[in-house]
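**Q** Coordinates for the following, if possible.
(chains A and B)
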Amino acid sequence: MLVSYSWNLGNPRIYYLYRSGDFFLLFDRRANLRTVCLLKLSPEKSMKHFVVAITSGQLLFFAQLAYATGFVFACANRAKTTPLSIITIGIMVIAVVCNGLALGLRYYHSWPMMPMYLGLPALLCCMGVIWLLGSSHRLLKSARTEGLLIQGVIVFLAIITLLFPKDFYLPFLRSATIWSHLFLITGIVAKGCLLMASIKALIFWLYHQKNKTGKKKTLSSAMPWALWGFVCLTVSMFTGEVWSYLGWGTPVVWHDPAITTIMAIWFYWIAYLHLHYTPGWHPPRRAIFMVIGGLLLITFACHPDMGPFRFPFR
Amino acid sequence: MEQSKNRRFSLWLWHSLGSIRLAVVLLILLAADLSLAYFSINGRGIIFEPMNQVGIWPWLKTYAMANLCHTAWFFILLALLTALVINTLVCTSSRLWILFPTLRKHGLSKRFYFSLSTHVMHLGMLAILIGYLVSYTMSQVYPSLTLALKKEALVAGTNLRLELLSMTLPIYEGKRLESFAGRIISPVVQLKIAGPIEERTATLGFNNPVRFQGYSFFLQRFSPRQKSGMSTTRYIVIDVRRDPGVLLYFIGISFFLGGLLFYVIFWIRSRQPRKTTS
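**A** Numbering: from 1, shown residues only, chains lettered A, B, ... in the order given. The predicted structure follows:
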């Protein structure tokens, strides 16, 4: 239940209240724009002692910590036991929820504009959701390596997001259009799908090197990810183009270096799709091509969104 | 003998120009070049910004030549895109030449639609690239035209007269966007545009350009930006453009997305297991 509320609890800036049972969720503008408060009514109905204020930065930090813990648990789960798998899934669910909440808060405090440099935390969340979608399969069955690789990528992205944050820029007025939001969201989904395709290709290549069975199936399973990634990237690029025309009057904003990275990734994956019609490109070579595409993607997903080094426990 | 040799050479050249191998090489080179571009543009956006205003040739002769080590990638990009256009054109025309006669023989099959969708994407890509070329070579741009309230201004080199009739600058009074408290986030201006024959009053805003007799008007800046501040003068800065490439690249985008949609639909249908008949 949403109650628009002007709260006066010694802090007049708290203004939104969500209620679910005894718990209240308050949005507050204290502490660098983004704060969420979780309150529980005490028997005396005195709320002051129960206020826990959490900023979106802290939520993201919890998520990063949970992603790392989940990775450690997944590594420890060598015997593929059910209790440890359930704990890992639980931790990853917490991580994705915290990550999603942090993104939601940042979006909430920028709407109708687009939050700046949301790419890395959002890609983190996207990869987390992808991991969760096939988590039981990845923890207990044959695809354990795949699960660990996805979690490895997630932890790498989490470390980059933690040490090189760039979320201190304010949104700009021209981003208050549906095209900018479509550009951002489809771009993130595309990157998530293409990274997943690269991970599947890497696994295929590793299995192929060891001459294990079932190799063909693994690479064919990468194709849907590559295709959906390409579709989303195309939609992202064209919505960006429409936004560029409406906002600046030109189809390409050449002075923004991030635009060229999207074009580079797009051309690379078109080249990959064309390889299917090229004789001589056998599955292992195509897998290597996809893995290089994944490395290119990680570089261009991280570098433009990386700020200066900041020690997280300052 | 000589004629047959020439014919064979022409055929070889035609097939080579439209080969998928060449397309793959060009696409990889484009990806590499654009990756290099990222590092060249990073922190040097000021070199590339004027391209959108002066057009491609004047920019190449001035800014690009003066900063060759940072703009070399752009020359390579132009060469690669030209090669890609030729490759795509040859590939699509020769494949469509083969594809349409099969229509008479096999009728409208799944395979026909699947192949056609890829060529529709190719045609869309060609339209986009040609649209860009037209846009960057033939556009007339009148940048940074400042209009004060209730004052008429002439767009240089045209017969257009502009007047800023009114400015609606709603001050943000919400509580959610703290940093924008007291600032204007959604300016709306009323503009009177008068040509030699007709005139029109239109509403202009960010991401909401106005079109009039082939010209487009884009809001770039406005003043005042906040409730309290040094500047209280009311004015806007607009870009006026006559861009004949816009329609072409939007048609190209529609073709590409349409082709992609068909490609995905037929790809999904081809993956579905066939129903077994008992």
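**Q** I'd like to know how far B:Leu29 sits from chain A.
**A** In this structure, B:Leu29 lies at 9 Å from chain A, with C-beta to the nearest C-beta, to the nearest Å as the measure. (Glycine included, C-beta is placed from N, CA and C.)
**Q** which residues touch that residue?
**A** Taking C-beta atoms under 8 Å, 6 or more residues apart in numbering or on different chains as the definition of contact, the neighbours of B:Leu29 are B:Leu80.
**Q** Whichever helix or strand it is part of: how far from the chain's middle?
**A** With the criterion set as DSSP states H and E, the secondary-structure element containing B:Leu29 is helix B:20-41. Averaging C-alpha positions (C-alpha atoms, centre = their mean, to the nearest Å) puts helix B:20-41 19 Å from its chain's average.
**Q** which bits of the stretch 101-250 of chain A sit near chain B?
**A** Within the stretch 101-250 of chain A, the positions lying close to chain B (C-beta under 8 Å from any C-beta of the partner chain) are A:108-111, A:113, A:170, A:173-174, A:176-177, A:179, A:227, A:231, A:234-235, A:238, A:241-243, A:245-250.
**Q** circling back to that earlier point, need the mean per-residue confidence for the helix holding B:Leu29.
**A** Per-residue confidence for helix B:20-41 averages out to 95 on the pLDDT scale.
**Q** can you tell me if the helix or strand immediately after that helix in the chain touches chain A.
**A** Downstream of helix B:20-41, the first helix or strand assigned by DSSP H and E is helix B:45-48. Yes: residues of helix B:45-48 are located near chain A by C-beta under 8 Å from any C-beta, namely B:45-46, B:48.
**Q** just checking, what packs against helix B:45-48?
**A** In this structure, helix B:45-48 makes packing contacts with helix B:68-106, judged by 3 or more C-beta pairs under 8 Å, 6 or more residues apart in numbering or on different chains; DSSP states H and E.
**Q** Is there contact, residue-wise, from the following helix or strand past the helix it packs on to chain A?
**A** Using DSSP H and E, the helix or strand that directly follows helix B:68-106 along the chain is helix B:110-138. Yes: under the criterion of C-beta under 8 Å from any C-beta, chain A is reached by helix B:110-138 at B:131-132, B:135.
**Q** now for helix B:110-138, which elements pack on it?
**A** Helices and strands in packing contact with helix B:110-138 are listed as helix B:56-59, helix B:68-106, helix B:246-271; criterion 3+ C-beta pairs under 8 Å, 6+ apart.
**Q** who wins for proximity to chain A among those helices?
**A** helix B:246-271 (5.0 Å; C-beta to the nearest C-beta).
**Q** Tell me what angle that closest one forms with helix B:110-138.
**A** 160 degrees (axes from the mean of the first three to the mean of the last three C-alpha atoms, to 10 degrees).
**Q** element containing B:Thr201?
**A** In the assignment (DSSP H and E), B:Thr201 maps to strand B:199-205.
**Q** same question, A:Ala222
**A** Residue-wise, A:Ala222 maps onto helix A:215-248 under DSSP H and E.
**Q** Mind checking the pLDDT average for that helix?
**A** 88.
**Q** top of the residues of helix B:110-138 next to chain A by neighbour count?
**A** B:Ser135 (24 neighbours; other C-beta atoms under 10 Å in any protein chain shown).
**Q** per-residue pLDDT, that one?
**A** pLDDT, the model's per-residue confidence, is 93 for B:Ser135.
**Q** What's the separation between the residue nearest to it when sequence neighbours are not counted and B:Tyr136?
**A** Computed as C-beta to C-beta, 6 or more residues apart in numbering or on different chains, the closest residue to B:Ser135 that is not its neighbour in sequence is B:Gly245, at 3.0 Å. For B:Gly245, the distance to B:Tyr136 (C-beta to C-beta, to the nearest Å) stands at 7 Å.
**Q** can you pull out the strands in the stretch 1-150 of chain A?
**A** A:2-4, A:16-20, A:23-28, A:35-40, A:52-55 (DSSP state E, counting those that start in this stretch).
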